[in-house]
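Q: sequence? don't have it. structure:
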């Protein structure tokens with residue numbers, strides 16, 4: 001109950017500050033968005049009982065940071081009344097829910113159980129691996145240097161699999177869409193409402209923000225099947241696998257001038273398709289149902305692009 005109250009209070013504080021980005025210029029708004037995201041990430045550790053958030057794995061911090069940043073980005077697009085009020089209320093609820101999801105008692109209990117099991121096995125073993133420090137020691141009988149290996153304790157923790165992966169997936173895909181909308185809101189004319197073209201700098205910022213959102217989403221989704229500390233390379237590769245197609249798609253679709261929410265919707269579709277491919281146990285060429293599903297999704301994407309061109 002205390003964790004839920006803390007999640008609501010921190011969500012209220014972050015949402016209150018994030019909506020102020022509506023009245024800021026683009027550059028200060030972008031800076032405030034990054035600061036809000038960093039504050040949300042640090043608050044995740046505080047809710048989980050970790051006073052030093054940098055000691056925590058990055059995995060549970062991704063969604064709270066993305067949710068808080070989305071409030072600021074969407075606030076740039078919302079009219080002061082009544083849409084900014086809706087952004088505040090809904091953003092507060094989403095941030096509080098994500099905090100609760102990532103710091104739920106069952107999640108913390110599983111992490112503490114894993115840590116206790118590891119500490120009982122050996123004080124110098126973390127996740128089945130022994131850290132070794134090498135130092136030189138002089139042998140008195142021969143007056144020669146000898147290399148001595150000493151086990152040392154490593155202050156790193158493994159994270160157990162999340163007990164509610166479906167909720168994480170639903171929240172991640174939802175926040176992917178909101179994050180893409182926020183990325184467009186942080187760049188002037190990002191949604192092409194008035195058929196304005198972007199400068200080279202604005203296009204670079206828009207593509208980079210969209211790629212960062214997709215990469216963060218991919219990192220969190222990959223952690224559902226690869227949560228261990230030794231699986232960092234898997235999550236880093238997933239970051240690139242999600243970020244690259246979204247960056248290319250954002251550039252192409254914004255060059256076409258698709259208006260309103262067409263680009264965020266299509267990029268969310270790309271994220272879903274990448275997730276389907278990565279989660280498949282069989283290769284795409286050997287998985288006929290997956291190939292059929294991806295084909296239908298691709299046709300739906302083409303239809304949306306045509307619709308957007310007509311609406312433009």
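A: Perfect, I can see it now. Computed from a predicted model, the values in this text were never measured in an experiment.
Q: Every contact and neighbour count from this point should use C-alpha atoms.
A: Noted.
Q: wait, isn't residue 226 in contact with residue 233?
A: No: under the criterion of C-alpha atoms under 8 Å, residue 226 lies out of contact with residue 233, with a separation of 9.6 Å.
Q: if you count what's nearby, which of these two comes out ahead?
A: Between residue 226 and residue 233, counted using other C-alpha atoms under 10 Å, residue 226 has the larger neighbour count: 19 against 11.
Q: ok, that one to residue 48 distance?
A: Distance of residue 226 to residue 48, given as C-alpha to C-alpha, to the nearest Å: 21 Å.
Q: most centrally placed residue in the chain?
A: Compute the mean C-alpha point of the chain, and by C-alpha atoms, centre = their mean the closest residue is residue 216, 3.2 Å away.
Q: Tell me how far the helix or strand hosting that residue lies from the chain's centre.
A: Applying DSSP states H and E as the criterion places residue 216 in helix 200-225. Helix 200-225 has its average C-alpha position 8 Å from the chain's average C-alpha position, going by C-alpha atoms, centre = their mean, to the nearest Å.
Q: Stretch 235-247 now?
A: The gap between the average C-alpha position of stretch 235-247 and the chain average comes to 11 Å, counting by C-alpha atoms, centre = their mean.
Q: what comes up buried for stretch 232-239?
A: Within stretch 232-239, the residues scored as buried using 16 or more other C-alpha atoms under 10 Å are 234, 235, 238, 239.
Q: by how many degrees do the one helix or strand the last one maps to and helix 200-225 diverge?
A: Using DSSP H and E, residue 239 sits in helix 232-256. Taking axes from the mean of the first three to the mean of the last three C-alpha atoms, to 10 degrees, one finds that helix 232-256 is oriented at 140 degrees with respect to helix 200-225.
Q: Residues in contact with the host helix or strand of residue 174: which ones?
A: Residue 174 is part of helix 165-185, with elements assigned from DSSP H and E. Contacts with helix 165-185, where a contact means C-alpha atoms under 8 Å, 6 or more residues apart in numbering, come from 63, 66-67, 69-77, 98, 101, 190-191, 206, 209-210, 213-214, 217, 220-221, 224, 261, 263-265, 267-268, 271-272.
Q: ok, now with 6 Å
A: Counting contacts by C-alpha atoms under 6 Å, 6 or more residues apart in numbering, the residues outside helix 165-185 that touch it are 70, 73, 74, 76, 77, 190, 191, 209, 210, 264, 268.
Q: which of the residues in it are buried?
A: Of the residues in helix 165-185, those scored as buried under the neighbour-count criterion (16+ other C-alpha under 10 Å) are 168-169, 171-173, 175-185.
Q: quick revisit: closest to residue 296 among the buried residues of stretch 232-239?
A: Top of the list for closeness to residue 296, among these and by C-alpha to C-alpha, is residue 238 at 23.8 Å.
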